[in-house]
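Q: Got a sequence here, can you model it:
(chains A and B)
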2 protein chains.
Amino acid sequence: MTEAMSPDELERALRRIGEERYHNRHPFHRMLHGGEMSFGQVQAWALNRYVYQAAIPRKDAALMARLDDRDMRREWIGRIHDHDGIGADSGGIERWLKLTDGLKLNRAYVISQAGALPAVRFAVEAYVRFVYERPTLEAIASSLTELFAPAIHAERISGMLEHYSFIDDGLVAYFRKRLDQAPRDCRFALGYVRENARTAEQQQAALAALRFKTDVLWAQLDALYFAYVEPGFAPPGAFRPERS
Amino acid sequence: MTEAMSPDELERALRRIGEERYHNRHPFHRMLHGGEMSFGQVQAWALNRYVYQAAIPRKDAALMARLDDRDMRREWIGRIHDHDGIGADSGGIERWLKLTDGLKLNRAYVISQAGALPAVRFAVEAYVRFVYERPTLEAIASSLTELFAPAIHAERISGMLEHYSFIDDGLVAYFRKRLDQAPRDCRFALGYVRENARTAEQQQAALAALRFKTDVLWAQLDALYFAYVEPGFAPPGAFRPERS
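A: Purely as a prediction, here's the structure:
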């Protein structure tokens, strides 16, 4: 039987998962950020990533639906506002649609998800179901990819602005905003996991949840690479970039 | 086969359910509002009704977890804030706890729900599960008891202030606040049901959902009456008023 780790050891183990499995290591992202993609490939990425963005508030509501603790709900609900907006703030999903607008994608087509890759939709839905069904500790641990997000967002902003003439500052507003939001959110989630994953079994479950989430993100890029880079087999019904 | 009603006919049919089945007609409420209850009976009511209050944000989050429409989520999330509070507003659950405080109930005991009637907990959980599992239209229709709530709240405020020396204005803050909130919420929900329950089958499902919800409310009062009025058989482990 494994012995339980200290909270610091657990945090190190969680961060190691990011180093080994976070999707910044995926060849698709290296090409995207390095300026190696065509306009159509960037379109395909933004269109598919919308599926994930659009599902996040449902995922967070699913988690809230079983939080008995009012203070935790009051904390977690901020994530829904971040994505859906509140009052004058139109939210992260709207900022993502600004990006797809800028990439000349029809907004209704993006929102319909009709051209998104099935494998991307399946991965996203697996994430929502995971949060619905697993214990709160695992559901929260699965959000901890946010620990690794600021680095990828910073790299994406500078890389995309530098390399693509069709990307300007307005289009990367989503990522700029997440530079502030993600660290705040993951501080709370990391604190919760450090405090509540005490037994070896709970700690292994939390680590497995985070690994699962890195799989969810990675699988989306595998599908994008397969369909739009190599071998380039976009499945029937999926978005096809116009020849340019 | 039944023919579909017009939206106005549907609304009348929904309102008729309130006239026939809403829990303002229950003998327990008539005693409560008419000043016929002992301090201990009012305590038992407030303690048990807390179970319902505490579950409402989970119910609303469960509904949001499957709303694909961002505008609808932005609308619905206000209900969670009403109950959980946001920023300086400590919310409806906290206002309910002010009432149980005023009734000299230990706050930790109330929040633990340890003394609540099992039948009340089962009814409340049936409501949360209903919203989890049923189509969005039915989940929303089940919220329409709010159409009937302002009348009961107004009656409760005046009745309880008049009849009970231990109830003062601070303790009925929850009900005063709901006088504004409930009509705003149910305007949206009623509009949704009017617009989306178009076929006879959908309309019957919406009516059944509202009937189900009146059952959920009524069953709680049956349990309270049985345990604390007549025959007065509070089950093992349930709250027992101190003899006074």
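
Q: tell me which residues of the helix ranked longest in chain A are tucked away?
A: If you go by DSSP state H, chain A has its longest helix at helix A:200-228. Under the neighbour-count criterion of 16 or more other C-beta atoms under 10 Å in any protein chain shown, helix A:200-228 has A:202-203, A:205-207, A:209-210, A:212-228 buried. Bear in mind the C-beta positions are built from the backbone N, C-alpha and C, glycine included.

Q: Quick one: name the residues of chain A near chain B.
A: A:54, A:57-59, A:61-62, A:64-68, A:70, A:73-74, A:77, A:80-81, A:84-86, A:91, A:93, A:128, A:132 (C-beta under 8 Å from any C-beta of the partner chain).

Q: Which ones among these map onto helices?
A: Among those, the members falling in helices (DSSP H) are A:54, A:57-59, A:61-62, A:64, A:70, A:73-74, A:77, A:80-81, A:84, A:91, A:93, A:128, A:132.

Q: Low-confidence stretches in chain A?
A: Low-confidence segments of chain A (pLDDT under 70): A:1, A:243-244.

Q: go with 90
A: A:1-2, A:150-151, A:170, A:180-186, A:242-244 (pLDDT under 90).

Q: helices or strands up against the longest helix of chain A?
A: Under the contact criterion of 3 or more C-beta pairs under 8 Å, 6 or more residues apart in numbering or on different chains; DSSP states H and E, helix A:200-228 touches helix A:7-21, helix A:27-33, helix A:39-64, helix A:118-133, helix A:136-141.

Q: on contacts alone, who are the packing partners of the helix or strand just after the last one?
A: So that's helix A:136-141. Downstream of helix A:136-141, the next assigned helix or strand under DSSP states H and E is helix A:149-163. Judged by 3+ C-beta pairs under 8 Å, 6+ apart, helix A:149-163 is in contact with helix A:27-33, helix A:173-196.

Q: Dump those helices to JSON lines, plus mean neighbour count and distance to B:A154.
A: Formatted as JSON lines, the helices and strands packed on helix A:149-163 follow (neighbours: other C-beta atoms under 10 Å in any protein chain shown; distance: least, C-beta to C-beta, whole Å):
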{"stretch": "helix A:27-33", "mean neighbour count": "18", "distance to B:A154": "59"}
{"stretch": "helix A:173-196", "mean neighbour count": "17", "distance to B:A154": "40"}
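
Q: wait, which of those helices is closest to A:F166?
A: helix A:27-33 (13.1 Å; C-beta to C-beta).

Q: can I get the CA coordinates of that closest one in CSV?
A: Only the C-alpha atoms of helix A:27-33 are listed here, as CSV (Å, rounded to 0.1, in the frame of the first residue of the first chain):
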residue,chain,number,x,y,z
PRO,A,27,2.9,19.0,-31.8
PHE,A,28,-0.3,20.8,-32.8
HIS,A,29,0.3,23.6,-30.3
ARG,A,30,3.9,23.9,-31.2
MET,A,31,3.0,24.4,-34.8
LEU,A,32,0.1,26.8,-33.8
HIS,A,33,2.3,29.0,-31.6
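
Q: Pull up the distance across stretch A:141-155, start to finish.
A: Terminal residues of stretch A:141-155 lie 24 Å apart, using C-alpha to C-alpha, to the nearest Å.

Q: chain center to that stretch: distance?
A: In terms of C-alpha atoms, centre = their mean, to the nearest Å, the centre of stretch A:141-155 is set 8 Å apart from its chain centre.

Q: buried stuff in it?
A: So, applying 16+ other C-beta under 10 Å, buried residues of stretch A:141-155: A:141-150, A:152-153, A:155.

Q: Out of those, which comes closest to B:F188?
A: Among the buried residues of stretch A:141-155, and counting by C-beta to C-beta, the member closest to B:F188 is A:S143, at 29.7 Å.

Q: Return the residues in contact with that closest one.
A: Contacts here follow C-beta atoms under 8 Å, 6 or more residues apart in numbering or on different chains; on that basis A:S143 touches A:D185, A:C186, A:A189, A:K213.

Q: quick revisit: report the buried members of the residues of chain A next to chain B.
A: Among the residues of chain A next to chain B, those classed as buried by 16+ other C-beta under 10 Å are A:54, A:57-59, A:61-62, A:64-67, A:70, A:73-74, A:77, A:80-81, A:84-86, A:91, A:93, A:128, A:132.

Q: A:R95: neighbouring residues, count only.
A: If you count neighbours by other C-beta atoms under 10 Å in any protein chain shown, A:R95 ends up with 22.

Q: From B:L171, how far off is the residue lying closest to it once chain neighbours are set aside?
A: Leaving aside its chain neighbours, A:R95 sits nearest to A:Y174 (4.0 Å; criterion: C-beta to C-beta, 6 or more residues apart in numbering or on different chains). Going from A:Y174 to B:L171 by C-beta to C-beta, to the nearest Å gives 47 Å.

Q: With A:R95 instead?
A: With the distance defined as C-beta to C-beta, A:R95 ends up 45 Å from B:L171.

Q: what's A:G237 in contact with, if anything?
A: For A:G237, counting by C-beta under 8 Å, 6+ apart, the contacting residues are A:A114, A:G115.

Q: The same query, at a cut-off of 10 Å, please.
A: Residues in contact with A:G237 (C-beta atoms under 10 Å, 6 or more residues apart in numbering or on different chains) are A:A114, A:G115, A:A116, A:L117, A:P118.

Q: Write a PyMOL command that selects only the buried members of the residues you listed.
A: Provided next is the PyMOL selection string for whichever of the contacts of A:G237 are buried by 16+ other C-beta under 10 Å:
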select buried, chain A and resi 115+116+117
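
Q: Just give me the closest of the contacts of A:G237 to A:F239.
A: Comparing the contacts of A:G237 against A:F239 with C-beta to C-beta places A:G115 closest, at 3.5 Å.

Q: For that closest one, what are phi and psi?
A: phi -100, psi 0 (degrees, to the nearest 10).

Q: Can you give me the distance of it to A:N48?
A: For A:G115, the distance to A:N48 (C-beta to C-beta) stands at 9 Å.

Q: List the residues that are in contact with both of the two.
A: With C-beta under 10 Å, 6+ apart as the test, A:G115 and A:N48 both reach A:A238, A:F239.

Q: how close does A:E3 sit to A:A141?
A: Remark: distance between A:E3 and A:A141 (C-beta to C-beta) = 19 Å.

Q: Check A:M160 too.
A: 30 Å.

Q: wait, what's in contact with the closest residue to A:Q53 other than its chain neighbours?
A: Nearest residue to A:Q53 in three dimensions, chain neighbours excluded: A:W96, at 4.7 Å (C-beta to C-beta, 6+ apart). A:W96 sits next to A:A46, A:R49, A:Y50, A:Y52, A:Q53, A:A54, A:H83, A:V110, A:L171, A:A173, A:Y174, A:F175 when contact means C-beta under 10 Å, 6+ apart.

Q: if you set the cut-off to 8 Å instead, what comes out?
A: A:W96 makes contact with A:A46, A:R49, A:Y50, A:Q53, A:Y174, according to C-beta under 8 Å, 6+ apart.
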